[in-house]
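Peer 1: the sequence and its predicted three-dimensional model are supplied below.
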Amino acid sequence: MNQQQLLELDQAIRHWLKGLDDIIPNLIADMHTETKLNKFDLVTNVDRMIQDQFEAFINEHYPDHQLFGEEKNNDLVDAKHGDVWVMDPIDGTANLVKQKTDYCIILSYFSEGEPLLAYIYDYPHHTLYKAIKGEGAFENEVRMPKVAPLHINDAILSYNLYVINEQTQADLKNAAFSYRLIGSCGLDSLRVMKGQFGAHINTNAKPWDISAQFLFSEELGLKMTNLKNEPIDFALGGPFIISNPGCHEAVLEILNRDGGYEVNKNS
Ligand code: IPD
Ligand code: CA
Ligand code: CA
């Protein structure tokens, strides 16, 4: 795909995403929630309908493309080959259900395993963030600046307290300026992209939680690795950090100190 075709694809996808403004209010007005693996693992008609509509859209306009989506079976998807869309139709479903805010739609396009387009739609604020390979990252079409380096002492760090042991939590709190968690991997990551947070950590990220962050990190000069400072396989996910370059190593040093961050690491 040449750059002109990529820009045309971006235009079509942005148009589709903005079309969600017409359907989401009705879906929310009639929201039903189901649990999946446990009582915290939620899915609603909003999640399912957004993904179904996107699947119908690509089947109609891009029939050769594959969809690797949270709310479907992906056994037949070959994520590393061809044209692949990775979708989290609602990231932060618990926030949607409990707070009616702080959720987003994450969508990314990979060609032969390379991220070329990435979107995070902060629907409650009607703000669309996108990254285009080689063109940069944009907030509602306004170019996002690269973040200024942030020392860990000045950084807000974001992570899930339930999955980090008390010693590591204490070390992170001592080293950092403060702690915050929104509860949507996409929106927590966006705070890092905008220079508001120093880093966001998800110890068990799924491919759809982090698909857009690869290209945003590349275009904005952020660090995105696993918690051993190695590259992440986008088709597998796993432990994940997106970080300001000024504090990435310091955060990883604390997470890996004295046997690591895991809860019950010796049991
Ligand atoms: C979840 C959110 C949450 C993160 C979980 C994700 P979902 O996504 O991003 O912040 O801690 O790991 O599963 O289930 O709301 O799409
Ligand atoms: Ca998610
Ligand atoms: Ca989801």
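Peer 2: In hand now; what should we look at? Residues are numbered from 1 along each chain as shown. Ligands and ions are numbered 1, 2, ... in the order given.
Peer 1: not counting residues beside it along the chain, what's closest to the residue of the chain found nearest ligand 1?
Peer 2: Closest to ligand 1 within the chain is Cys185: 3.4 Å, counting by C-beta to the nearest ligand atom. Yep, even glycine has a C-beta here, placed from its N, CA and C like the rest. Excluding its sequence neighbours, the residue lying closest to Cys185 (C-beta to C-beta, 6 or more residues apart in numbering) is Asp209, at 4.1 Å.
Peer 1: please enumerate the strands of the stretch 151-267 of the chain.
Peer 2: Listed in chain order, the strands found in the stretch 151-267 of the chain under DSSP state E, counting those that start in this stretch are 156-158, 178-179, 199-205, 223-225, 238-243.
Peer 1: as TSV, those with mean neighbour count, distance to ligand 2 and mean pLDDT would be great.
Peer 2: Below are the strands of the stretch 151-267 of the chain laid out as TSV (neighbours: other C-beta atoms under 10 Å; distance: least, C-beta to the ion, whole Å; pLDDT from 0 to 100):
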stretch	mean neighbour count	distance to ligand 2	mean pLDDT
strand 156-158	23	15	98
strand 178-179	13	21	98
strand 199-205	23	8	98
strand 223-225	19	16	98
strand 238-243	23	12	98
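Peer 1: export those as a markdown table, with columns for distance to ligand 1.
Peer 2: Formatted as a markdown table, these follow (distance: least, C-beta to the nearest ligand atom, whole Å):
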| stretch | distance to ligand 1 |
| --- | --- |
| strand 156-158 | 9 |
| strand 178-179 | 15 |
| strand 199-205 | 5 |
| strand 223-225 | 15 |
| strand 238-243 | 9 |
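Peer 1: need the residues of the chain near ligand 1, please.
Peer 2: Residues of the chain that fall close to ligand 1, judged by C-beta under 6 Å from any ligand atom: 88, 91-94, 160, 183-185, 202, 209.
Peer 1: follow-up on the earlier one: to Glu55, which of the strands of the stretch 151-267 of the chain lies closest?
Peer 2: strand 199-205 (22.5 Å; C-beta to C-beta).
Peer 1: which outside residues touch that closest one?
Peer 2: 155, 157-160, 163-164, 185, 188-189, 191-192, 209-210, 227, 237-244, 247-248, 251, 255, 261-262 (C-beta atoms under 8 Å, 6 or more residues apart in numbering).
Peer 1: now do stretch 10-22
Peer 2: Contacting residues not belonging to stretch 10-22 are listed as 50, 54, 57, 61, 105, 107, 109, 117, 119, 121, 123, 126, 128, 130, 132 [C-beta under 8 Å, 6+ apart].
Peer 1: please repeat the previous calculation with a cut-off of 7 Å.
Peer 2: The contact list for stretch 10-22 (C-beta atoms under 7 Å, 6 or more residues apart in numbering) reads 50, 57, 61, 105, 117, 119, 121, 123, 128, 130, 132.
Peer 1: what residues sit buried inside stretch 155-171?
Peer 2: For stretch 155-171, the buried set under the neighbour-count rule, 16 or more other C-beta atoms under 10 Å, comprises 155-159, 164-165, 168-169, 171.
Peer 1: again with stretch 28-45
Peer 2: 42-44.
Peer 1: and if you look at stretch 148-157?
Peer 2: With burial defined by 16+ other C-beta under 10 Å, the residues of stretch 148-157 counted as buried are 150, 152, 155-157.
Peer 1: next one: stretch 255-262
Peer 2: Buried, per 16+ other C-beta under 10 Å, within stretch 255-262: 255, 261-262.
Peer 1: and that stretch, end to end?
Peer 2: Using C-alpha to C-alpha, to the nearest Å, one end of stretch 255-262 lies 9 Å from the other.
Peer 1: how close does the closest residue to Ile232 other than its chain neighbours sit to Lys130?
Peer 2: Nearest non-adjacent residue to Ile232, counting by C-beta to C-beta, 6+ apart: Asn226, 5.3 Å away. Using C-beta to C-beta, to the nearest Å, Asn226 is found at 25 Å from Lys130.
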